[in-house]
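In: Here is a sequence with its predicted model. Questions after.
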Number of protein chains: 2
Amino acid sequence: MSKHARFNRDEVVEKATNLYWEKGFHGTSMRNLQDVVDMRPGSIYATFGSKENLFKEALQHYAGAFEVQFNKCLEQQPSILGALKLFVESAVVDETGTAPSAMCMMVKTIAELTEEQAELLAETKQLLSGVESEFVKVIREAIVRGELDESKDPEMLARYLQVQIIGLRTYARANNNHQAVLALVDDIFATGPLAGAVAQD
Amino acid sequence: MSKHARFNRDEVVEKATNLYWEKGFHGTSMRNLQDVVDMRPGSIYATFGSKENLFKEALQHYAGAFEVQFNKCLEQQPSILGALKLFVESAVVDETGTAPSAMCMMVKTIAELTEEQAELLAETKQLLSGVESEFVKVIREAIVRGELDESKDPEMLARYLQVQIIGLRTYARANNNHQAVLALVDDIFATGPLAGAVAQD
DNA sequence: CTGTATTATGAACGAACGTTCATAAATTTA
DNA sequence: TAAATTTATGAACGTTCGTTCATAATACAG
């Protein structure tokens, strides 16, 4: 019952994701895509339907990888605030040097698209909302664990965290001064609303 | 000695700016531009040279308007920190409802372009740097005036402010919840590195 | 091994892209 | 007002766009 496909669908989606991430929706042509995924137009259209639909799958793949990375940070750090800080640092500086852009693909997409791609735009906003929900959950847990004061509002802190990540990654793309950006991360976790009773490194 | 132009160059640049700001560089076609500025292709090319060059002029026009807005805030508020907060608020929520996008055009451009438009990208980064320099200047003055502690680093605070504005405006575009964003602004100026001895409203 | 079903191919399509340039219109000069 | 100069026009160019579909290649079933 195996598929007859000579290509690996997941690999194709990942390659497409990286290209879209780097060049954006309008900046990526189907011919660019054909080259990097090594498929002919007929096969791409039979498999994914359209440029927009492939982009949608790429977005979803990206958001999935985002959550995997977040969970890795939670496992690596004993405290939740430590994990959040590690996550921000890992998102802001790409130690592997392999990311197609310093910026978040979802943010790039929200910056680029208009109502002419209403469905893609709505999907992107929803995926970003999903990330924020994850943040709310772990921040609630941080309050339960006593890492943050009970008076704090988890929804508000999650929004705040989103703003920081978006701002920091975009700033990192505009000025590739890693040192300055990491210093900002320290400052934000030391003196801002997210400052808690966690050991600083 | 008057020019023979039947069109007003500044008006044309402003209209082009608004379209580019809304739809981005790749999302805007020369035919879109021809419609909104009401000029025929030959005239546009005789005046501006290329799509890229018109975009460059649009960016410069945008950055100029940005500084005008900033100076207005400085005039309206007695304290510098109050002016900075007012500026952030006015950038984050468009009271007039006329802005083509909640996001900063420079940030949108940095998000969209790649090295394929190296010159435009470099120009954009430079304009953003110019904004940051303005911030450094007024933050220095805020320290002199005693609004901020002398131990603060103006360069670092200016970077921090850039991150906040970028993050907040992008967040506002992704979730058009003005109330939540304004609450975040309050929080940032109340508890973050930019919190000073200024009266809160 | 043969016939059927499935998958991959890539030439080709119409539309839209950025741009040019011979011509027309308007303005200035004499 | 006539000639010279400047400015505006828009049809048309070659290219690239997203997409399709008749055909070829492959895999599976009997």
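Out: Alright, I've got the coordinates.

In: residue ranges for the helices of chain A, please.
Out: For chain A, the helices defined by DSSP state H occupy A:9-23, A:30-37, A:41-48, A:51-76, A:80-92, A:105-112, A:118-144, A:154-174, A:178-191.

In: so which of those helices comes closest to residue B:92?
Out: helix A:154-174 (10.2 Å; CB to CB). Heads up, the C-betas are built off the backbone N, CA and C, glycines and all.

In: Which strands and helices lie in contact with that closest one?
Out: helix A:80-92, helix A:105-112, helix A:118-144, helix A:178-191, helix B:105-112, helix B:118-144, helix B:154-174, helix B:178-191 (3 or more CB pairs under 8 Å, 6 or more residues apart in numbering or on different chains; DSSP states H and E).

In: in it, what's buried?
Out: By neighbour count on 16 or more other CB atoms under 10 Å in any protein chain shown, the buried set for helix A:154-174 is A:154, A:156-174.

In: Could you do stretch A:74-85 as well?
Out: Quick answer for stretch A:74-85 (16+ other CB under 10 Å): A:74, A:77, A:79-85.

In: about what we covered before: of all the helices of chain A, which lies closest to residue B:19?
Out: Residue B:19 lies closest, by CB to CB, to one member of these: helix A:105-112, at 14.6 Å.

In: So what's the gap between the closest one and the chain middle?
Out: Computed by CA atoms, centre = their mean, to the nearest Å, the chain-centroid distance of helix A:105-112 equals 10 Å.

In: Then stretch A:102-113?
Out: Taking CA atoms, centre = their mean, one finds the center of stretch A:102-113 at 9 Å from the center of the full chain.

In: Let me see the mean pLDDT of that stretch.
Out: Summarised as a single mean, pLDDT over stretch A:102-113 is 97.

In: Ok, stretch A:88-96 next?
Out: Per-residue scores along stretch A:88-96 average to 90.

In: May I have it as PDB, with CA atoms only?
Out: Presented in PDB, the C-alpha positions along stretch A:88-96 are these (Å, rounded to 0.1, in the frame of the first residue of the first chain):
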ATOM      1  CA  VAL A  88      14.200  33.900  23.300                       C
ATOM      2  CA  GLU A  89      17.900  33.700  23.100                       C
ATOM      3  CA  SER A  90      17.800  30.800  20.700                       C
ATOM      4  CA  ALA A  91      15.200  32.500  18.500                       C
ATOM      5  CA  VAL A  92      17.200  35.800  18.400                       C
ATOM      6  CA  VAL A  93      20.600  34.400  17.600                       C
ATOM      7  CA  ASP A  94      20.800  31.400  15.300                       C
ATOM      8  CA  GLU A  95      23.800  29.500  16.700                       C
ATOM      9  CA  THR A  96      23.500  26.900  13.800                       C
END
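
In: can you list the residues that contact it?
Out: Stretch A:88-96 is contacted by residues A:69, A:73, A:102, A:104, A:161, A:164-165, A:168-169, A:172, A:178, A:181-182, A:185, A:188-189 when judged by CB atoms under 8 Å, 6 or more residues apart in numbering or on different chains.

In: one more time with 6 Å
Out: A:165, A:168-169, A:172, A:178, A:181, A:185 (CB atoms under 6 Å, 6 or more residues apart in numbering or on different chains).

In: show me what contacts whichever residue of chain A sits closest to chain B?
Out: As assessed by CB to the nearest CB, chain B sits closest to residue A:167 within chain A, at 2.9 Å. By CB under 6 Å, 6+ apart, the contact set of residue A:167 is B:163, B:166-167.

In: a markdown table for these, including pLDDT?
Out: Below are these laid out as a markdown table (pLDDT from 0 to 100):
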| residue | pLDDT |
| --- | --- |
| B:163 | 98 |
| B:166 | 98 |
| B:167 | 98 |
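
In: And the residues you listed, which is closest to residue B:59?
Out: Using CB to CB, the contacts of residue A:167 come closest to residue B:59 at residue B:166, 16.1 Å.

In: Can you name the residue of chain A nearest to DNA strand C?
Out: DNA strand C sits closest to residue A:42 of chain A, with a gap of 1.9 Å, by CB to the nearest atom of the strand.

In: Just give me the neighbour total for that residue.
Out: 8 (other CB atoms under 10 Å in any protein chain shown).

In: Residue A:51 now?
Out: Neighbours around residue A:51, by other CB under 10 Å: 18.

In: least trustworthy position among the contacts of stretch A:88-96, going by pLDDT?
Out: Scoring the contacts of stretch A:88-96 by pLDDT puts residue A:178 last, at 93.

In: and chain A, which residues reach chain B?
Out: A:23-24, A:26-27, A:103, A:107-108, A:110-112, A:114, A:125, A:128, A:159-160, A:162-163, A:166-168, A:170-171, A:173-174, A:180, A:184, A:187, A:191-193 (CB under 6 Å from any CB of the partner chain).

In: Against residue B:163, how distant is the closest residue to residue A:178 other than its chain neighbours?
Out: Nearest residue to residue A:178, sequence neighbours excluded (CB to CB, 6 or more residues apart in numbering or on different chains): residue A:93, at 5.0 Å. Distance, residue A:93 to residue B:163, by CB to CB, to the nearest Å: 14 Å.

In: tell me the contacts of residue A:10?
Out: With CB under 6 Å, 6+ apart, residue A:10 has no contacts at all.

In: any idea how far it is from residue A:99?
Out: Applying CB to CB to residue A:10 and residue A:99 gives a distance of 19 Å.

In: ditto for residue A:88
Out: 15 Å.
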